[in-house]
Every structure is written in structure tokens, then in C-alpha cells.
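**Q** any chance you can model this:
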Amino acid sequence: MSAFWEQVGGCLERGERVFVACVAESTRGSPGTAGAKLLVAEGGELYGTVGGGLMEHRLVEQARELLRGGGARPEKRTLVHSDTTEGEQSGMVCEGSQTNVFCVLADDGDRAIVDALATAVRDDRPAWMAVDAEGLRLVEREADFSRPPFALTGEGESWRYEEDLLNRRRLAVIGGGHCAVALAEAMAPLGYRSRIFDTRTEVVTHDRAARVGTVIHVADYAEAGPLIAWPELTAVVVMTADYRTDVRALLGTADLPVAFVGLMGGRRKVARIFGHLREEGVSQEVLDQVHAPVGLDIGSDTPEEIAVSVAAQILRERNRG
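**A** Prediction:
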């Protein structure tokens, strides 16, 4: 998410005005989902998407017209993706509807706000982006996961869109081998913020892993659990090099309210690990929450295929609520 605001900031730094659109609300079937973003720069640069197709083409043309005309106050617009449903037509006939909010940003005052947004995202700090009829701003606020990450409120000129800048899609992989890195790479385009924990200081995959997440060295895999920020938002996948260290990793996460926990390995290995965990006092209720073997059964063998199967299971469980 920081990449988007860094891109906007770069355009502003060059003295270009920038049109920014965000999907504030969407219904099932809509090509644009809440939180999606698009920028159109005065110099012609395009970055991101709010759903594509004819709708986005029309929005880009509108953006260029606004940029040529000097900009306008922020607006919101609800579009229906059907030619048989009442409301403003998007030009697409897929399904659902979405509400886009958009504004034109300029270097005089907006650049500092954009830089602050990018910094908050990069620092993984609780904060919110807000857009209303008066413009774009950063709102400092404590983390509150009872609030939806995207919220459009109000009517007429009193509308307001707020978006949580703290990434709620989070992955912690305990064990930094090839499968771990492949999983972090698979989850990155899906918006996940990844952290990989390993006891080894020299692992050949670390440089590759650092490009898609943060690599953290621990002396004992049991230390990884307490280092997981925002465990209630985090999918944890254990895939160390040995079943004994898998046991240590799961002991470190046993008392955490994690969103998902998975264990890689065959069924015999899983049974042995669970036996050791019971001996350590881990309850059956906790063990029942572990997805093991982790990943959907797609006959996967390579690290990249295993990553796809694990990513699919994490997404399925998240979408189930």
C-alpha cells in the first residue's frame, strides 16, 4: 500500500497534479473492490486500478479533463455494473456496484499529507486515511479492529471515506526455507505483509525473502510467536526444517489469538508433532485449530505449487469470516 502513496508523492514532487480514485464500497461481483486505488498523473502516468474495463477508461478520461481544467473538489460516485439496474451505469454488464471517491492533489499542501500517509503505511503504524468534500487527510487513531477497514459514511456534501492504513492482511512464516519464501512471494501481490522467522543467520533464501517481507532471526523458534505484531490479524504457517523445531514454533504460538495457523508436513509427521505438543500440555482445543497438513490438496510438490495451495487455504478461511 505504501507503494501507491510513494508513487503519488513522486508525481507531486515533479510538480505534477495527480487525480486519485479509491473504491470506497463495492458489492459482490463488482470488478472494483473496497480499497482499490488508481492514480492519473498530469504527465500521463497511470498506476493501480479500480476495476478496469470501460468504467476505468471513462474515469481516466474524466481525470484528464479535470487535470486540464485545474482540478475540482473531491467527489463520490456510485456506479452499477448492469444495464438492467437503476442507477448510474458504469458501462459494464458484469454484476454488482461500486462507489468511487476521487480528488485532485497538488504540491501546495497535499504533498506533506501524501508523504505522511506513505510513512504511516511503511512504518506499520495505526493511522487512517480520510477523504471528504474538503480534501485528503491523515487521521492518527489507535488500532480498532471492530471498525471496518473501509468505511463510507454520510450523505450529500457531508460524506466521508475512511481507510485503515494498518495492513490487516498479515503473514508470519516460521522457518525460512524455499517453501516459506515462495509463500511470501505468492501472498505479496494479494496485499499481505509478510514476516519470516528463522534461527539460521545464513540462509540462501534470505536475500530473496527480504524483497517480499521482513526476515527476523530468532535463537529459538518458540521466540517467534511473541514477536508477531497484531496476531489477531495474522496467518501463521509453520514450516521449519525439522519436526522438533516445528514443535518449538507451535509452542510459541499456542496461546496467541492468531487468525490462522497451519503446519506443513505429512500426516505421520503431523501426528508425531501433535503427540509432543500434548506432552507439553497443549490442549486438544488448540490443536484442533491447526490446519495440518496445511494447504489445499492439489497434488502440489514444488515450493511454488505448495505456496499456491497454502495461499488458497488462507484466503478461503479468511473469506469464510
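**Q** can you check the pLDDT for R111?
**A** pLDDT, R111: 95.
**Q** now it: closest residue in space that isn't a chain neighbour?
**A** Of all residues not flanking R111 in the chain, L12 sits nearest, at 4.3 Å (CB to CB, 6 or more residues apart in numbering). Where you see a C-beta, it was placed from the backbone N, CA and C, and this is true even at glycine.
**Q** hang on, that neighbour in a helix?
**A** Yes - read with DSSP: H, G, I helix; E, B strand; the rest coil, L12 is one of the residues of a helix.
**Q** check what pLDDT it gets.
**A** 95.
**Q** for it, give me its contacts.
**A** Residues counted as contacts of L12 (CB atoms under 8 Å, 6 or more residues apart in numbering) are 18, 105-107, 110-111, 114.
**Q** mind doing that once more with 10 Å?
**A** Residues in contact with L12, defined by CB atoms under 10 Å, 6 or more residues apart in numbering, are 18, 41-42, 105-108, 110-115.
**Q** buried ones among these?
**A** 18, 41-42, 105, 107, 110-111, 113-115 (16 or more other CB atoms under 10 Å).
**Q** separation between the residue nearest to R111 and E45?
**A** L12 sits 12 Å away from E45, going by CB to CB, to the nearest Å.
**Q** narrow the contacts of L12 to those in strands?
**A** Secondary structure assignment by DSSP state E places 18, 41, 105 of those in strands.
**Q** wait, isn't the first one in contact with Y47?
**A** Yes - taking CB atoms under 10 Å as the contact criterion, V18 and Y47 are neighbours in contact, 9.4 Å apart.
**Q** what residue ranges in the chain score low on pLDDT?
**A** 1, 71, 203-207, 209-210 (pLDDT under 70).
**Q** L190 contacts V310, doesn't it?
**A** No - applying CB under 10 Å, one finds L190 not in contact with V310, separated by 12.0 Å.
**Q** mutual contacts of the two, please.
**A** Applying CB under 10 Å, 6+ apart, one finds that L190 and V310 are jointly contacted by L171.
**Q** which of those two has more residues huddled nearby?
**A** Between L190 and V310, counted using other CB atoms under 10 Å, V310 has the larger neighbour count: 29 against 11.
**Q** for that one, helix, strand, or coil?
**A** When classified by three-state DSSP, V310 comes out as helix.
**Q** burial check on the nearest residue to it once chain neighbours are set aside, number of neighbours?
**A** Nearest non-adjacent residue to V310, counting by CB to CB, 6+ apart: G295, 4.3 Å away. Per other CB under 10 Å, the neighbour tally for G295 reads 23.
**Q** G295 and R316, how far apart?
**A** Distance from G295 to R316, by CB to CB: 11 Å.
**Q** distance between stretch 3-12 and the chain's centre?
**A** Taking CA atoms, centre = their mean, to the nearest Å, one finds the center of stretch 3-12 at 18 Å from the center of the full chain.
**Q** hmm, I typed the wrong one, I wanted stretch 193-201.
**A** With CA atoms, centre = their mean as the basis, the mean position of stretch 193-201 lies at 19 Å from the chain mean.
**Q** kindly report the same for stretch 137-156.
**A** 17 Å.
**Q** so for it, what gets flagged as buried?
**A** By neighbour count on 16+ other CB under 10 Å, the buried set for stretch 137-156 is 138, 149-152.
**Q** now do stretch 285-293
**A** By neighbour count with 16+ other CB under 10 Å, stretch 285-293 contains the buried residues 286-287, 290-293.
**Q** using CSV, lay out the residues you listed together with distance to A184 and secondary structure.
**A** Shown next, in CSV, are the buried residues of stretch 285-293 (distance: CB to CB, whole Å; DSSP: H, G, I helix; E, B strand; the rest coil):
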residue, distance to A184, secondary structure
V286, 25, helix
L287, 26, helix
V290, 20, strand
H291, 18, strand
A292, 20, coil
P293, 19, coil
